[in-house]
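1. Sequence and predicted structure are below.
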Amino acid sequence: MLNPLIIQFILGLISILFAEVVRDFYHIAGHYWQPIKQNHLLHHKAYRPDFSIANMELYKKSQLYNDVPEALCMVGLGAVLALVTQSPGMWLGCIYSIAFLVPAFLRSQGMLLATDLSHKPGDLVGIPAQWRVNRTYHWRHHFDEKNAYYAGHFTSVDRLIGTSLSLKGKVVAVTGASGTLGQALIDELSSQGAKVVAITTNPTSIFEPEVKVISWKLGAEIELLPQLQDVDILIVNHGVNVYGDRSHAAIYESYEVNTFSTLRLAELFFQTVTKSSDTATKELWINTSEAEVNPAFSPLYELSKRTLGDLITLRRLNAPCIVRKLVLGPFKSQLNPAGIMSARWIAWATIALAKRDFRDIIVTINPLTYLIFPVKEFCQSWYFKLFTKGMKKVDRVNINAEKSIS
Ligand SMILES: [Zn+2]
Ligand SMILES: [Zn+2]
């Protein structure tokens, strides 16, 4: 039997979670429910893109008519929950909510402005956090897409309803665009309102007229740099499978295509993250494949993809933007007619999981991958974190200096 005090403590934590869910649904209502929509719009008008206050009178009004009622709703529903459940622990959520109500009221009187932590003015520092809302996360709600990124403190509601990433109007570039999965990703991204750029080494491939096509050559990745500047999300999806070939040429081709060209593109894309807003909106997705942790019955494919996966794990420890790994199982294509899953379904699931902010997107029918991959990724990340050093600011400046010379 659990100690009754521990039970009340757990109930208290649940009531805090409940208060945050109320906050998020009040916020969503502020975007869709007419009676409170005007008041919530005041909140959006109160800030400039660097989160400085646009107009003090408007700011105070937004606190009084948006933040105060929001906190009142949290307090009120928290009290109802505590009364209905008759559990003293549940009052913790109420006290927690009062801690937001009082500062919101004082801010509406022009006091304690520094307590408005998720709207602290200045450049964005760090990438959007995955579990708790930070400034960069919330910035996207104000200045990227108002109908997404609703979460106020914990990101759980956004993750549940699929509003952790908005693709509407985003420029998304896909390499390996003429392959079966590339085509399926392009269709799915277009249906989500993204402006898709197909990056292909095959000049004869045909795309829908709204898709911008860029051709490139292996080894000449640097030539893509000007086009990558305007890209919000780069999906590096190209690869080669030499199957049973174990010749010298097959080894080099596998590593050159699957590992090094992907890494070069990743580094080029990182160089395009220069503005404060890029930290919030730019993302790099790398298709490392399920071969990272499971046999693909093609040793050179596994070796080159595992090296890529390991290096991405290392590099994303201090990447300037969000990096997602796509860990995908085999799918039916011309190259692999025995594949069980369809590329279309994989593309749909990949996007659905990205919209729920999975940084490691696993889509496969092999249950072992869901168990092994997260453990491998967690342990390896920590191993790399402990035994490598982060890039210093000076190094970044040098990279940019080199870029301007070339
Ligand atoms: Zn809003
Ligand atoms: Zn806000």
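-> Done, it's in. Ligands and ions are numbered 1, 2, ... in the order given.

2. Model confidence for Leu284, exactly?
-> pLDDT, Leu284: 98.

3. Look up the closest residue to it, ignoring the ones flanking it.
-> Once flanking residues are discounted, Leu284 sits nearest to Val323: 4.9 Å by Cβ to Cβ, 6 or more residues apart in numbering. For the C-beta atoms, the positions are set from N, CA and C on the backbone; glycine is no exception.

4. any idea how far the one you found is from Tyr383?
-> Here Val323 is placed at a distance of 18 Å from Tyr383 (Cβ to Cβ, to the nearest Å).

5. Neighbour count: the two, which is higher?
-> Val323 (21 against 12; other Cβ atoms under 10 Å).

6. Please identify the buried residues of whichever strand or helix holds the more buried one?
-> If you go by DSSP states H and E, Val323 is part of strand 322-328. Counting neighbours by 16 or more other Cβ atoms under 10 Å, one finds that the buried residues in strand 322-328 are 322-328.

7. what about it, distance to the chain center?
-> The chain centroid and the centroid of strand 322-328 are separated by 10 Å under Cα atoms, centre = their mean, to the nearest Å.

8. end-to-end on stretch 54-74?
-> Distances were taken as Cα to Cα, to the nearest Å; on that basis the terminal residues of stretch 54-74 are 27 Å apart.

9. same question but for stretch 262-281, I mixed them up
-> When the termini of stretch 262-281 are compared using Cα to Cα, they are 21 Å apart.

10. for the stretch 201-350 of the chain, which spans come out with low pLDDT?
-> Applying pLDDT under 70 to the stretch 201-350 of the chain picks out no residues at all.

11. Helices of that one, residue ranges please.
-> Listed in chain order, the helices of the stretch 201-350 of the chain (DSSP state H, counting those that start in this stretch) span 225-228, 248-254, 262-271, 276-281, 299-315, 343-354.

12. residue contacts, the residue nearest to Leu284?
-> Contacts were defined as Cβ atoms under 8 Å, 6 or more residues apart in numbering; by that measure Val323 touches 266, 283-286, 312, 315-316, 359.

13. Now with 7 Å, please.
-> Residues in contact with Val323 (Cβ atoms under 7 Å, 6 or more residues apart in numbering) are 284, 286, 312, 316.

14. So the closest residue to Leu300 other than its chain neighbours versus Leu314, what's the distance?
-> Across the structure, with Cβ to Cβ, 6+ apart as the measure, the residue nearest Leu300 apart from its sequence neighbours is Ser254 (4.2 Å). In this structure, Ser254 and Leu314 are separated by 20 Å, where distance is defined by Cβ to Cβ.

15. sorry, back to before: compare the helices of the stretch 201-350 of the chain and give me the one nearest Leu13.
-> Nearest to Leu13 among these is helix 343-354; the distance by Cβ to Cβ comes to 27.1 Å.

16. Let me see the contact set for the residue nearest to Arg315 when sequence neighbours are not counted.
-> Nearest residue to Arg315 in three dimensions, chain neighbours excluded: Ala266, at 6.8 Å (Cβ to Cβ, 6+ apart). The contact partners of Ala266, taken as Cβ under 7 Å, 6+ apart, are 236, 284, 286, 315.

17. circling back: adding distance to Gln34 as columns, could you present the helices of the stretch 201-350 of the chain in a markdown table?
-> What follows is the helices of the stretch 201-350 of the chain, written out as a markdown table (distance: least, Cβ to Cβ, whole Å):
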| stretch | distance to Gln34 |
| --- | --- |
| helix 225-228 | 42 |
| helix 248-254 | 58 |
| helix 262-271 | 42 |
| helix 276-281 | 29 |
| helix 299-315 | 46 |
| helix 343-354 | 30 |
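
18. wait, which of the ones you listed is closest to Arg140?
-> Between Arg140 and those, the tightest spacing by Cβ to Cβ is seen for helix 276-281, at 5.2 Å.
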